[in-house]
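> The sequence and its predicted three-dimensional model are supplied below.
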Amino acid sequence: MSEHSRRGHVRPARVPSAARSVPFLTALICAALLAACGGSSGGATDAPDASAGPPTPVPSPRITAGKPPAAAVDVVREFWTLVGTGRLEEAQRSLVAPGSPIRQWNGEDIASARFVRVVPGSVSRGAVDEATVEFAAIVWIEPSPGVSPWGEPGEHQLFEHVVRMSDGTWRMWDSGTGP
């Protein structure tokens, strides 16, 4: 009978050699560090608490010079992409200004639109009280057929008001045709 098949025989546990245990220990240490820092390698993430409600605007510190933050520009780009592809209601939901006239806009005067660029040096020193940053952007607009306040298809300079939220994200506050 072989040693492995004998009943009652207990073999001593194998202790890994130091050379074979180093990668294992390294992997354990890395996993512990990632867990301590909140890192993830694609696993599940914590979902925001739905009962907490939406994040609130955090208007300060105001940005009154230099370039607008890239994330603020991305929000404006997304807003005009939604408007330009006929998803006005979705764009309106992204606004956080309770009294924004855009909330009542039906969008029938625009056939399509797209964000073109930020106007250099356009960050305003006097942004509206609720906004974190105000800057000018060029938006290409193709008006709907018929009477439209937009005139011929082309580029228009619009003033974008963007606010930083309590969770660190950026949202549109409002957009207008004048400062």
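That came in fine, so what should we check first? Worth saying up front: this structure is predicted, and the values here are computed from it rather than measured.
> following the helix or strand of the chain with the lowest mean pLDDT, which helix or strand shows up next?
Within the chain, no helix or strand scores below helix 18-37, which has a mean of 37 by mean pLDDT, DSSP states H and E. Following helix 18-37 in sequence order, the next helix or strand is helix 70-84 (DSSP states H and E).
> host element of M172?
M172 belongs to strand 170-176 when assigned by DSSP H and E.
> tell me which residues of that strand are tucked away?
Under the neighbour-count criterion of 16 or more other CB atoms under 10 Å, strand 170-176 has W170, R171, M172, W173, D174, S175 buried. Where you see a C-beta, it was placed from the backbone N, CA and C, and this is true even at glycine.
> So which of those residues is the closest to G99?
The closest of the buried residues of strand 170-176 to G99 turns out to be D174 (CB to CB; 8.6 Å).
> before we move on, the earlier item: could you dump the buried residues of strand 170-176 to JSON lines with pLDDT and distance to P98?
JSON lines is the format used below for the buried residues of strand 170-176 (pLDDT from 0 to 100; distance: CB to CB, whole Å):
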{"residue": "W170", "pLDDT": "92", "distance to P98": "18"}
{"residue": "R171", "pLDDT": "92", "distance to P98": "13"}
{"residue": "M172", "pLDDT": "91", "distance to P98": "13"}
{"residue": "W173", "pLDDT": "90", "distance to P98": "10"}
{"residue": "D174", "pLDDT": "89", "distance to P98": "10"}
{"residue": "S175", "pLDDT": "89", "distance to P98": "15"}
